[in-house]
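Undergrad: generate coordinates for the sequence data below:
(4 chains)
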Number of protein chains: 2
Amino acid sequence: MAKSNYKISASTKSEAKSTAILEGAMKEFLAHGYAATSMDRVAKEAGVSKATVYSHFGDKENLFSAMIQNLVQDKFQMIMDLQQPELLEQDPKIVINNLASKILKNVQKNQDVQNLMRIIISESGRFPELAKAYVHNLAKPAINAIIQYFRSQSHLQIEDPEATARVMVGTLVYYVMLQEMLYGKDVLPLESDRVINTLSDLITRNHNSSQL
Amino acid sequence: MAKSNYKISASTKSEAKSTAILEGAMKEFLAHGYAATSMDRVAKEAGVSKATVYSHFGDKENLFSAMIQNLVQDKFQMIMDLQQPELLEQDPKIVINNLASKILKNVQKNQDVQNLMRIIISESGRFPELAKAYVHNLAKPAINAIIQYFRSQSHLQIEDPEATARVMVGTLVYYVMLQEMLYGKDVLPLESDRVINTLSDLITRNHNSSQL
DNA sequence: GTCTATACATCGATAGAC
DNA sequence: GTCTATCGATGTATAGAC
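TA: Residues are numbered from 1 along each chain as shown, chains lettered A, B, ... in the order given. Now for the predicted structure:
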């Protein structure tokens, strides 16, 4: 029992260090990219020695990979919020407005999400498996949630729910990329409400015209 | 006259080296990113010594900046093709299909364009002025060309041409990013024609319904 | 397990010969 | 203008004490 406690204690201490290293790695990698991040800075940020970083994660590629996988799992919860039933029980025009607004605000206010997208794109050549993990665990569930909603609203007469979901997600992601990450705010200002309203108008237009 | 010829000849030789360096820089930077590219590899790729690279471009940041500006100017012509008059003189549904198809194929088949987008996003933090140059010289003209077409087709009854243009460009760019750069082809297969047709259907739906 | 100290390679940038 | 040779800094990774 004492032996078991000792083991648990040791394992817990080690886990605490691992967590600290992952947090330091996240901060450094997301801020500077893979190549420009040094293991010295990660170690200093985590409050451990460089040798400890290597004993926990083997090498730089492994640490980067673990940190991204960890972050992708974290952000998965954000996507699942899109399927809250109470969010989906209003007029379709309002539901789509709310969905789009929720996606937009989550990405816009969450610097980690933007930096994750940035580094996934940057390193998709060097780490193709991480790009696939991102698509499989974040992009795909988000798109599928929207497809599922479109399918549930047959009176919207959406001919191709899969392609329409891509239109919606693509519009929103590109908007944030251009405005926030590429400084489009200054060069090409455009209020987010206009994009959201245009999206929901286009998608629900059959529904509206049958009402009027 | 002989002196003038000598000057021109010398200037031409120097320009040839500059061009070779820029081409080497393009190959290396686009393939490996800014931080992971070494000046030694650029010099070897260009067939000159490293000192020559520095005498022409000062330092690494300067070389990178010059190479990106050069590439952005190159790709500008691609955008201008969108305004060919003969492309815009058919039924709106067909015109939008053609525009979308042209944008998509240009990005899809042109690896340089994808790599340029990738590195602009990657280095937008370190080189904000390059991101702004990209938006100003490529994204903005493309979006404006589409806005201009929408405005010219008043019978389409497009309420917000600016926002609708963003929907169109965002959908196409995100599609290529997800399918090509992030290996979505394998995880989330979707034919490009479905996306293009969905886009043109959504945008011209008012026009169609008034016809039927 | 965690540390300090260090090996070894490679980086950006420059000096000096031609 | 272009080269070879090299400097100093910094990178990844590890050896060895505790």
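Undergrad: residues from chain A in reach of DNA strand D?
TA: Residues of chain A lying near DNA strand D by C-beta under 7 Å from any atom of the strand: A:Thr37, A:Ser38, A:Met39, A:Asp40, A:Arg41, A:Lys50, A:Ala51, A:Tyr54, A:Asp59, A:Lys60, A:Glu61. (C-beta placed from N, C-alpha, C; glycine too.)
Undergrad: roughly how far apart are the third one and A:His56?
TA: The reference is to A:Met39. To A:His56, A:Met39 is 12 Å away according to C-beta to C-beta, to the nearest Å.
Undergrad: more neighbours, those two?
TA: Neighbours per residue (other C-beta atoms under 10 Å in any protein chain shown) separate A:Met39 from A:His56, with A:His56 holding more: 19 against 16.
Undergrad: now A:Ser49: phi and psi?
TA: When read as degrees, to the nearest 10, the backbone of A:Ser49 gives phi -80, psi 160.
Undergrad: so A:Ser124 makes contact with B:Gly184?
TA: No - under the criterion of C-beta atoms under 8 Å, A:Ser124 makes no contact with B:Gly184, lying 10.7 Å away.
Undergrad: tell me which of those two has more neighbours.
TA: Between A:Ser124 and B:Gly184, B:Gly184 has the larger neighbour count (other C-beta under 10 Å), namely 25 against 21.
Undergrad: excluding sequence neighbours, find me the nearest residue to that one.
TA: The shortest distance from B:Gly184 to any non-neighbouring residue, by C-beta to C-beta, 6 or more residues apart in numbering or on different chains, is to B:Leu178 (3.9 Å).
Undergrad: list the contacts for the most centrally placed residue in chain A?
TA: With distances taken as C-alpha atoms, centre = their mean, the residue of chain A nearest its centroid is A:Val113 (4.9 Å). Neighbour list for A:Val113: A:Lys75, A:Met78, A:Asn106, A:Val107 [criterion: C-beta atoms under 8 Å, 6 or more residues apart in numbering or on different chains].
Undergrad: again, only using 7 Å
TA: A:Val113 is in contact with A:Lys75, A:Asn106, A:Val107, counting by C-beta atoms under 7 Å, 6 or more residues apart in numbering or on different chains.
Undergrad: distance check, it against DNA strand D.
TA: 25 Å (C-beta to the nearest atom of the strand, to the nearest Å).
Undergrad: what is the burial count for A:Glu86?
TA: Neighbours of A:Glu86 (other C-beta under 10 Å): 6.
Undergrad: can you check the pLDDT for it?
TA: The score at A:Glu86 is 88. That number is its pLDDT.
Undergrad: where does chain A come near DNA strand C, residue by residue?
TA: Of all the residues in chain A, those lying near DNA strand C are A:Ala10, A:Ser11, A:Lys13, A:Ser14, A:Lys17, A:Val48, A:Ser49, A:Lys50, A:Ala51, A:Thr52, A:Ser55, A:His56, going by C-beta under 7 Å from any atom of the strand.
Undergrad: can you rerun that using 6 Å?
TA: By C-beta under 6 Å from any atom of the strand, the residues of chain A that approach DNA strand C are A:Ala10, A:Lys13, A:Ser14, A:Lys17, A:Val48, A:Ser49, A:Lys50, A:Ala51, A:Thr52, A:Ser55.
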